[in-house]
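> Below is the sequence, then the predicted model.
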Amino acid sequence: MHEARHERTRRGVKVLVGVFVAGIAALASLAATAMGGTAAKTISVAIVANPQMQDIASLTPSLFTAKTGIKVKYTILDEGKLREVTTRDVGSGGKAFDAVMIGMYETPQFGTAGLLQDLTAQAKGDKAYNYNDLIPAVRGGLSANGKLYASPFYAESSFVMYRKDVLKAKGLTMPPSPTWSQVAAIARKVNSPSMAGICLRGKPGWGDLGAAFTTVLNTFGGTWWSSTPDGKPAKAEVDQPAFKTALNFYAKLVQDAGEKDAANSSFNECLAQYQAGKVAMWYDATVAAGLLEAKDSPVKGKNGYALAPVVKTKASGWLWSWALAIPKSSPDSADA
């Protein structure tokens, strides 16, 4: 049974890595097909400062500009700043960017509000893009009223990454589908002055700390807001027992066995600490696997992966997609 669970985990990782790879290829193909023969121009694009996006920025001259003649000026920002800048520019009809990187939270709202170009006809009409090959949950999260408003760069869930050699040296075994109690117990046992037990996001921001903590909150049976009848405003649940229990659990685990400078740690900071051997485990986005297993990764081949930990629910992983959208106010929407 354990082997079957391992196989499900491996299949899940392969699917998400496949989405990432297919997304890059499809975006490049769609752009090259649509823009072939365009005279030399420059478009401005805002993207998040994650390693995969920085890679595509460095590859753009050879994979995109060389084929289309269109140069791309990237503005690369951390998640919180990117969200602030794009929301302000897109929401106000600004003209700073021809394309912006947004996610499943903003896309349906911006699209419904008429702030984004409808990409449905282009996506369905380009055979190389293969609209129907997009995972339905990802496609749906980037759509509103049946219209696709952003093209996924990659999609991800969340899971536990851990150093197999470190746990083995301590005589510990990570279950393929662990509970948060099991993860916390292992983290405290492997924690030492030279290597923290686990890295958990602590940087302020709903896309930083909020992403990781909300999965913990939900599986503890809590929520940020509860719906109310008769269309009344949602009620905040931050003072309820389940919320308090989840928050205390998360904070105490960071205090007991978490990384240094947790209050300033998000995906990139935890990635750096894990690869540097400063933490034994890490709970975060599944897309991290491609970075940990890269040829130049110092921890290549040393890692184990387990499903997102649970408490009261059967599953606990998040669903997110970083995607590219074209604002209605784009100065050059055709080239974008």
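Yep, it's here.

> does Tyr274 really touch Trp282, like I thought?
Yes: Tyr274 is within contact range of Trp282, at 4.8 Å (criterion: CB atoms under 8 Å). Every C-beta, even on glycine, is put in place using the N, C-alpha and C of the backbone.

> List the residues that are in contact with both of these two.
Met161, Cys199 (CB atoms under 8 Å, 6 or more residues apart in numbering).

> Grab the nearest non-local neighbour of Ala306.
Closest residue to Ala306 apart from its sequence neighbours, by CB to CB, 6 or more residues apart in numbering: Val160 at 4.3 Å.

> The one you found - that's part of a strand, no?
Yes: counting by DSSP: H, G, I helix; E, B strand; the rest coil, Val160 is part of a strand.

> Backbone dihedrals for the closest residue to Asn264 other than its chain neighbours, please?
Leaving aside its chain neighbours, Asn264 sits nearest to Lys203 (5.6 Å; criterion: CB to CB, 6+ apart). Phi and psi for Lys203, reported as degrees, to the nearest 10, are phi -70, psi 130.

> what packs against whichever strand or helix holds Asp284?
Asp284 is part of strand 281-285 when elements are defined by DSSP states H and E. The contact analysis (3 or more CB pairs under 8 Å, 6 or more residues apart in numbering; DSSP states H and E) places strand 281-285 against strand 158-163, helix 180-190, helix 267-275.

> what about the strands in the chain?
For the chain, applying DSSP state E gives strands covering 41-48, 70-77, 99-102, 143-144, 147-148, 151-156, 158-163, 225-226, 235-236, 281-285, 303-307, 320-325.

> Please produce CSV containing these, extended by distance to Asp332 and mean pLDDT.
Shown next, in CSV, are the strands of the chain (distance: least, CB to CB, whole Å; pLDDT from 0 to 100):
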stretch, distance to Asp332, mean pLDDT
strand 41-48, 6, 97
strand 70-77, 9, 98
strand 99-102, 9, 98
strand 143-144, 24, 98
strand 147-148, 20, 98
strand 151-156, 17, 96
strand 158-163, 36, 98
strand 225-226, 39, 92
strand 235-236, 43, 92
strand 281-285, 32, 98
strand 303-307, 42, 98
strand 320-325, 14, 97
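
> May I see those organised as a markdown table, with distance to Tyr129 and mean neighbour count added?
Converted to a markdown table, the strands of the chain look like this (distance: least, CB to CB, whole Å; neighbours: other CB atoms under 10 Å):
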| stretch | distance to Tyr129 | mean neighbour count |
| --- | --- | --- |
| strand 41-48 | 18 | 20 |
| strand 70-77 | 18 | 17 |
| strand 99-102 | 16 | 26 |
| strand 143-144 | 15 | 19 |
| strand 147-148 | 10 | 21 |
| strand 151-156 | 8 | 24 |
| strand 158-163 | 28 | 24 |
| strand 225-226 | 36 | 11 |
| strand 235-236 | 42 | 12 |
| strand 281-285 | 25 | 25 |
| strand 303-307 | 30 | 20 |
| strand 320-325 | 12 | 24 |
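
> Now these in JSON lines, please, with extra columns for distance to Gln182.
Listed next are the strands of the chain as JSON lines, based on distance: least, CB to CB, whole Å:
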{"stretch": "strand 41-48", "distance to Gln182": "32"}
{"stretch": "strand 70-77", "distance to Gln182": "37"}
{"stretch": "strand 99-102", "distance to Gln182": "36"}
{"stretch": "strand 143-144", "distance to Gln182": "37"}
{"stretch": "strand 147-148", "distance to Gln182": "40"}
{"stretch": "strand 151-156", "distance to Gln182": "23"}
{"stretch": "strand 158-163", "distance to Gln182": "10"}
{"stretch": "strand 225-226", "distance to Gln182": "29"}
{"stretch": "strand 235-236", "distance to Gln182": "31"}
{"stretch": "strand 281-285", "distance to Gln182": "11"}
{"stretch": "strand 303-307", "distance to Gln182": "9"}
{"stretch": "strand 320-325", "distance to Gln182": "25"}
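
> between the ones you listed, which gets nearest to Pro176?
strand 303-307 (5.6 Å; CB to CB).

> Let me know the angle separating that closest one from helix 180-190.
Angle of strand 303-307 versus helix 180-190, following axes from the mean of the first three to the mean of the last three CA atoms, to 10 degrees, is 160 degrees.

> list the helices and strands strand 303-307 packs on?
Short answer (3+ CB pairs under 8 Å, 6+ apart): strand 303-307 packs on helix 2-35, strand 158-163, helix 164-169, helix 288-292.

> tally of neighbours for Thr112?
Per other CB atoms under 10 Å, the neighbour tally for Thr112 reads 13.

> I'd guessed it sits against Asn145; true?
Yes: counting by CB under 8 Å, Thr112 touches Asn145, with 7.0 Å between them.

> Show me the shaky parts of this structure.
1-39 (pLDDT under 70).

> Quick check: beta-bridge partners of the residue nearest to Ala306?
Tyr283, Ala306 (DSSP bridges).

> and it, what does it touch?
Val160 makes contact with Met174, Pro178, Val183, Met281, Trp282, Tyr283, Tyr305, Ala306, Leu307, Ala308, Pro309 under the criterion CB under 8 Å, 6+ apart.

> I am finished for the moment; much appreciated.
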